[in-house]
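Engineer: how would this look folded up:
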Amino acid sequence: MRPPPSILVVLHDFALGGTERVAVRLAAAMAGQGASVTIFAGSGSGPLRALAGSQVEIVVADPPIPRARGSRRRLALATRTFVDRRRFDGVYAPGNFHWPVAAALGGRGIAVLAQVSAALDKPQRGRWRQWAFETRMRYLLRRADAVVALSDVARDQANRILRRDVASVIALPALDDAVAPPLPVPDTRPPVVLAAGRLVPEKGFARLIAAFATLPEDAARLVIVGDGPQADTLRRQSETLGLADRVTLAGYVPDIRPALDAARLLVLSSDFEGFPAVLVEALAAGRPVVATDCTPATRLLADGAGIVVPLGDTAALSHAIATMLAQPAPDPARLAASVAQHRIGAVAAAYLALFDRLRR
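Structural biologist: Purely as a prediction, here's the structure:
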């Protein structure tokens, strides 16, 4: 019998972020299935460290490498030194942000698996910036043994950009295996419209607040969960529009499920996303979603699970929210069943199977 695989997961730190949260939870799940898992981090700071649990070894670079200009390259070089000192069967570079690690470790007798976590083809980039992005991606992932995408669209884009069939699809591990079944939609008056994410411009919260201002006063309350540099700006915008008593900036919460249970629907207002966990979590909680056309994940919103609106269209966003509030809520159990493949146990098993194929 082959010994359990030894896998190294590389993270810059444990800061709040979708990529980091997925990577730490996935490390814990792979360790729970028998793998020997180590996280090598540039810095030990950040609240997500506790998610690793007791079965995952955590090693922090010495000296630490905080986020700064050029720090991703320094992290990649530090990881290479660490790998030369301790052998692993495979290395997982989670998300576009950590691709320099794949470039530093490729060709060293260790299976390198890189994940695509953010959009590869953004219209906002324009022709020349997109060309530069694809050129850099080919360079950083030229020696990656496998690339994991979160959707068929991202897989096909990755294979096209890399000019080789190296990418495959594994679902985003957004859900715990023991995720609670959905609760009935609350009969709250006015109903709660929920949004969640880091408070930065690309999440589109300013546009969402502007759209919300055009709804009737008693139509709904808006609750935005998350923290970030735009918090004060968004609070002032709400006050200026006369929405101070209808818009709540709730700050960071460690678990979004209670907020989803209290909500009528979720709004994803981003300009671009890779495959946002919050959309999967909303459907698992039995809540429909209004989303901008910012991610391939919107394919999950078929058959009454939600409405997709064009990017940058405030009026369309407002109309979609009003439409969703006016119609009967979809069956929560049906929505939850549509994302069952995103449970972390099955996803961790798929990653381990891929690492095993690379070892062979």
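Engineer: C-alpha only now, for contacts and for neighbours.
Structural biologist: Will do.
Engineer: could you report the neighbour count for Gly126?
Structural biologist: For Gly126, the neighbour count with other CA atoms under 10 Å is 10.
Engineer: next SSE downstream of the strand or helix carrying it?
Structural biologist: According to DSSP states H and E, Gly126 maps onto helix 126-140. Next helix or strand after helix 126-140 toward the C-terminus (DSSP H and E): strand 146-149.
Engineer: pLDDT averaged over that next one - what is it?
Structural biologist: For strand 146-149, the mean per-residue pLDDT is 96.
Engineer: what's in contact with that strand?
Structural biologist: Contacts to strand 146-149, defined as CA atoms under 8 Å, 6 or more residues apart in numbering, come from residues 112-117, 155, 158, 166-170.
Engineer: quick revisit: and the helix holding Gly126, how far out from the chain middle?
Structural biologist: 22 Å (CA atoms, centre = their mean, to the nearest Å).
Engineer: and stretch 47-67, by the same measure?
Structural biologist: Once both centres are worked out by CA atoms, centre = their mean, stretch 47-67 turns out to sit 19 Å from its chain's centre.
Engineer: how much space separates Val223 from Phe205?
Structural biologist: 11 Å (CA to CA, to the nearest Å).
Engineer: of those two, which one has the most company?
Structural biologist: Using other CA under 10 Å, the more surrounded residue of Val223 and Phe205 is Phe205, with 25 against 20.
Engineer: parallel or antiparallel, list what pairs with the helix or strand hosting Val10.
Structural biologist: Taking DSSP H and E as the definition, Val10 sits inside strand 6-11. Strands adjacent to strand 6-11 in the sheet, as given by DSSP bridges, are strand 36-41 (parallel), strand 90-93 (parallel).
Engineer: out of those, which is the most enclosed?
Structural biologist: strand 90-93 (a mean of 25; mean count of other CA atoms under 10 Å).
Engineer: now do that one: everything it contacts.
Structural biologist: 5-11, 99, 101-102, 110-115, 355, 359.
Engineer: what of stretch 110-121?
Structural biologist: So stretch 110-121 is contacted by 19, 88-96, 99, 102, 105-106, 130, 141, 143-150, 154, 157-158, 272-275, 295, 355, 358-359 (CA under 8 Å, 6+ apart).
Engineer: I'd say Ala350 and Val169 touch.
Structural biologist: No. At 9.8 Å, Ala350 does not count as touching Val169 under the criterion of CA atoms under 8 Å.
Engineer: and Val153, how far is that from Thr19?
Structural biologist: Using CA to CA, Val153 is found at 19 Å from Thr19.
Engineer: quick one, which of these two is more surrounded?
Structural biologist: The residue with more neighbours, out of Val153 and Thr19, is Thr19; 23 against 15, by other CA under 10 Å.
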